[in-house]
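>>> please find the sequence and the predicted model below.
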Amino acid sequence: MGYGNQNLIYLKGGVLENRPDFDSKVTDKIIKNFRIMLSRYLSSPIPEMKVQISLGEENFFTQTDEYGYFSAWVEPSKSFEAGWHSVIYSLKNENNEIYKAKGEFLIVGKDAEFATISDIDDTILVSHATQLYKKFRLIMTKNAKTRLPFEGVAEFYQKLKAHENPFFYVSSSEWNLYDFLLDFFTIQNIPKGPFLLQEYKSGLRDLLFTGGGSHQHKQDKIRRLMLLFPKLNFILIGDSGQRDTEIYRQILHEFSSRILAVYIRKIGKKDDFDETTTKEFEEKGVPLLMLENTEEAENHAKKSGFIMK
């Protein structure tokens, strides 16, 4: 899912081979879930593939990189209304069309009161991201229909969304898990929004350490959103298990006037923020909350006028 404003749209995708369609069911056995998750990390990216991007009557062209990715900043001649729109991606070989797929992109309109940027693992989806064995067991034995969200997340996020307020999901999960996340969010009625994920990985080792890395990419992606929507304020939601607080702290330094609140779900034994972080947020006048559950975030959002009481 891409995203953009009235003048500029960001679109991204990948071209892979040996990637089957994944159709999960609640009744699936552990061995099927294991096989499907494994296959997500064993597909082969196709580099240097020409891609045609069709927006209405206009066509744009790009090419996959060495990892099979393509991305493009597109400036269409006509403006799109706020909301979701279709885009067609076609693979070309000389003058022949090899394959065609449909995508979507979100245009953020002027009626949006604010946007929400949320992490996924251990913020929305129970993942045990800081406990390797538990994390791996969940990933390999469950599927999108049997994994669980934290209680109250869907209802709270739907209230934040209201009518026009967009959601963006910035996560260290890899693009390998895109179909899984899309399925999970749909089943759990979590607001639709573009996923901004970590680069595609391949192999058993990458599967074992899925969601790892420096997380610096999350800061870069949040900054991109802030710059693309310069008149929009944001609520930031994450957890204490990884580096969300530090990432949001760096964003605070550059965009403090546009951050309405930061909600951090407590994961593990850490009870509070360090003194320096707390002081920085207080000086900028931005609420920073460590939360035991979703209800606490919802109560603060009600008091602050972000959602209806």
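Happy to help now that I have it. Residues are numbered from 1 along each chain as shown.

>>> for stretch 234-252, give the mean pLDDT please.
Confidence over stretch 234-252 (mean pLDDT, whole number) is 92.

>>> now it: how far from the chain's centre is it?
Relative to its chain's centre, stretch 234-252 lies at 14 Å (C-alpha atoms, centre = their mean, to the nearest Å).

>>> same question, stretch 29-37
24 Å.

>>> same question, stretch 159-166
Worked out by C-alpha atoms, centre = their mean, stretch 159-166 lies 16 Å from the chain centre.

>>> end to end, how far does it reach?
End-to-end distance for stretch 159-166, by C-alpha to C-alpha, to the nearest Å: 11 Å.

>>> contacts for that stretch?
With contacts defined as C-beta atoms under 8 Å, 6 or more residues apart in numbering, stretch 159-166 is touched by 3, 82, 106, 108-109, 111-116, 167, 191, 193, 235, 298, 301, 306-308. For every residue, glycine as well, the C-beta is placed using N, CA and C.

>>> that one - what's its average pLDDT?
Stretch 159-166 comes out at a mean pLDDT of 92.

>>> buried residues, it. List them.
Lys159, Leu160, Lys161, Asn165, Pro166 (16 or more other C-beta atoms under 10 Å).

>>> and what of stretch 179-199?
Within stretch 179-199, the residues scored as buried using 16+ other C-beta under 10 Å are 179-181, 183-185, 187-188, 190-198.

>>> any idea which helix or strand comes after the worst-scoring helix or strand of the chain on mean pLDDT?
Least confident helix or strand of the chain, by mean pLDDT, DSSP states H and E, is helix 204-208 with a mean of 58. Sequence-wise, the next helix or strand beyond helix 204-208 is helix 216-228, with elements assigned using DSSP states H and E.

>>> so which bits of that next one are buried?
His217, Lys218, Gln219, Lys221, Ile222, Leu225, Met226, Leu228.

>>> for Lys201, report the pLDDT, please.
On the pLDDT scale, Lys201 gets 66.

>>> same thing with Leu260?
pLDDT at Leu260 comes out at 97.

>>> the chain should start at 57 in everything you say after this.
With the count now opening at 57, the last piece we talked about shows up as Leu316.

>>> one step back: now, the buried residues of stretch 235-255 that are in helices?
If you go by DSSP state H, the buried residues of stretch 235-255 have Asp235, Phe236, Leu237, Asp239, Phe240, Phe241, Ile243 in helices.

>>> could you measure from the residue lying farthest from the centre of the chain over to Gln108?
Centroid-distance maximum for the chain: Asn151 at 34.9 Å, with C-alpha atoms, centre = their mean. According to C-beta to C-beta, to the nearest Å, Asn151 stands 11 Å off from Gln108.

>>> same question for Glu137.
According to C-beta to C-beta, Glu137 and Gln108 sit 24 Å apart.

>>> now do stretch 57-75, average pLDDT.
91.

>>> could you pull out the strands for the stretch 257-365 of the chain?
Secondary structure of the stretch 257-365 of the chain (DSSP state E, counting those that start in this stretch): strands at 290-295, 315-321, 344-347.

>>> so which of those strands is the most surrounded?
Compared across these, strand 290-295 shows the largest average neighbour count, a mean of 25 (mean count of other C-beta atoms under 10 Å).

>>> how far off helix 272-284 does it point, in degrees?
Put simply, strand 290-295 runs at 170 degrees to helix 272-284, going by axes from the mean of the first three to the mean of the last three C-alpha atoms, to 10 degrees.

>>> what angle separates strand 290-295 from strand 315-321?
Using the same axes, to 10 degrees: strand 290-295 against strand 315-321 is 10 degrees.

>>> quick one: list the elements packing against strand 290-295.
strand 171-174, helix 272-284, helix 300-311, strand 315-321 (3 or more C-beta pairs under 8 Å, 6 or more residues apart in numbering; DSSP states H and E).

>>> look up how far Ser313 lies from the residue nearest to Ile315 when sequence neighbours are not counted.
Closest residue to Ile315 apart from its sequence neighbours, by C-beta to C-beta, 6 or more residues apart in numbering: Val342 at 5.0 Å. The gap separating Val342 from Ser313 is 9 Å, by C-beta to C-beta.

>>> those two: which has the busier surroundings?
A count of neighbours by other C-beta atoms under 10 Å puts Val342 above the other of Val342 and Ser313, at 20 against 8.
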